[in-house]
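> model this:
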Amino acid sequence: MRWRRFAQGSAVAAVVALVASACLSEEGGGGGGGGQTGGGDKQVEVLFGFGGDQSKGFQAGLKDFQQSSGITIKFSEASQSFDTVVRTRVAGNNFPDIALFPQPGVLLDIAKGGKVQDLSTLLSMDQLKSTLVPGELDAATSEGKVYGVPMSMNVKSLVWYPKKAFEAKGYKAPQTIAELEALTQQIKADGTPPWCVGIESAAATGWPATDWIEEFVLRYGGPETYDKWTKHEIPFTDPVVKQAATEFEKLALADGNVFGGRKGVVSNAFATAANPMFQNPPKCFLHRQGNFISQKGFFPDAVRTNMDEEVGVFQLPGTTPDSRPVLGGGDLAGAFSKDDDTKKVLEFITSDKFNGGTKEGSYISPHKTFDLSQYPDNTTKEIAKLAYESTIFRFDGSDLMPGAVGAGSFWRGMTAWISGQKDLDQVLKDIDESWPS
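Model prediction:
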């Protein structure tokens, strides 16, 4: 997820220097990487880009496995800049056995060099398809080869609300976009701005707005059109993209619809944008954001520690009650080695038996068959159920696009449009023209 990379510290240069030094002093991969086959040496290196509670949970989830399998796992936390570290290691022929990619675009780009294993030769794709949310495997599949399998899931298509105040008003969770529009107007008529929205994120300001566009391209265009858009097979100026932006504007940016006004959206920090809805009385009633905001540092502590009583959540609806697409992210396990030990670790961390930290962080398994009782509260269980009952999953679009667009012109364009610096047509044209040739 985009937000995670900008919530971490900034010591990228030091990390890159250390990794580059390691590349010069090593010819093989750490723990047997770089395409090795055979039985393995009972050591497997896993490179990942998350830290904090998520890292603790991931490592704790492999403790029993290491003891039972006899395989020692080397945890390499590249939390400063995963993209930079993994590319530097690949360039230096210093491969980890397994890498957990938060961006499928980076994984597929590296796979073009022929160093990443086709996981369909190591794992049972039929078994995975039977337990994963539909569409989960599509993100890192290219030309019939599967280069990444999800081992965690982030759910973005969520609308949060202050449970007690929401229910006291008699508001109901909508089942369609039309019903969401009606709820928005009902809240507005009752005298409160319906939505709280914030897109400020320092150097990454604008990224939360890209999620809104992706949500509605997926809903109005369907997964096939969404895939074409993220690959630039249809332009940013396509009518479905404009329709998506117009729906976002109609719901959350129209006069009286957003706390702080439209221009305030640009200055409201995304991390705390939802908090006004927990005031008494609420300053807003609806906030669209991913499941990560249930972690410490987002909702007020008094709300977060009493989540089930204070917070309600529903899935951002589709065009019909039977259409329930989910936009999200997650970490995709890719492999540079194919020895038996690597295969065993891959099989475990990509299975529904792996728990990557339901107690330590906001981990959600991508498997519909995961034991729901392992989730720490009813709110997280409900989020997982919404994801598992979804009709189709698609990965965050900006993470699939080239960095110049997905982490550049798309962010800037949304900021310029929302702040009134440019109109929508000009912004969409600018973003489209920024796509690398």
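> Next, the contact list for residue 312, please.
With C-beta atoms under 8 Å, 6 or more residues apart in numbering as the criterion, the residues that contact residue 312 are 160-163, 166-167, 173. Placement of C-beta: from N, CA and C, glycine included.
> mind redoing it with 7 Å?
Residues near residue 312 by C-beta atoms under 7 Å, 6 or more residues apart in numbering: 161, 163, 166.
> Settle this for me: the last one is touching residue 284, isn't it.
So the one you mean is residue 166. No. Residue 166 lies out of contact with residue 284 (C-beta atoms under 7 Å); the separation is 10.9 Å.
> The two: which has the busier surroundings?
Shown here are residue 166 and residue 284; by other C-beta atoms under 10 Å, residue 284 has more neighbours (26 against 21).
> Secondary structure class of the more buried one, three-state.
State at residue 284, reduced to three classes by DSSP: H, G, I helix; E, B strand; the rest coil: coil.
> State the distance from it to residue 245.
Residue 284 is 21 Å from residue 245, where distance means C-beta to C-beta, to the nearest Å.
> ok so, going back, what's the closest of the contacts of residue 312 to residue 129?
Distance to residue 129, by C-beta to C-beta, is smallest for residue 161 among the contacts of residue 312, at 34.0 Å.
> tally of neighbours for that closest one?
24.
> In helices only, show me the contacts of residue 312.
When DSSP state H is applied, the contacts of residue 312 are split such that 163, 166 fall in helices.
> could I get the contacts of residue 312 as TSV with pLDDT and distance to residue 44?
TSV is the format used below for these (pLDDT from 0 to 100; distance: C-beta to C-beta, whole Å):
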residue	pLDDT	distance to residue 44
161	98	43
163	98	44
166	98	47
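> and which of the contacts of residue 312 is nearest residue 382?
Using C-beta to C-beta, the contacts of residue 312 come closest to residue 382 at residue 163, 11.4 Å.
> Now do the same for the residue nearest to the closest one when sequence neighbours are not counted: helix, strand or coil?
Excluding the flanking residues, the one nearest residue 163 by C-beta to C-beta, 6 or more residues apart in numbering is residue 312, at 3.9 Å. Following three-state DSSP, the label given to residue 312 is strand.
> what bridges to residue 312?
residue 161 (DSSP bridges).
> Spatially nearest residue to residue 57, not counting backbone neighbours?
For residue 57, ignoring the flanking residues on the chain, the nearest one in space by C-beta to C-beta, 6+ apart is residue 357 at 1.5 Å.
> residue contacts, the one you found?
Residue 357 neighbours (C-beta under 7 Å, 6+ apart): 53-54, 56-58, 60-61, 363.
> just residue 431 next, same as before
236, 405, 409-410, 413.
> Could you pull up phi and psi at residue 335?
Taking degrees, to the nearest 10, you get phi -130, psi 140 for the backbone angles of residue 335.
> sorry, back to before: against residue 428, how distant is the residue nearest to residue 163?
Applying C-beta to C-beta to residue 312 and residue 428 gives a distance of 34 Å.
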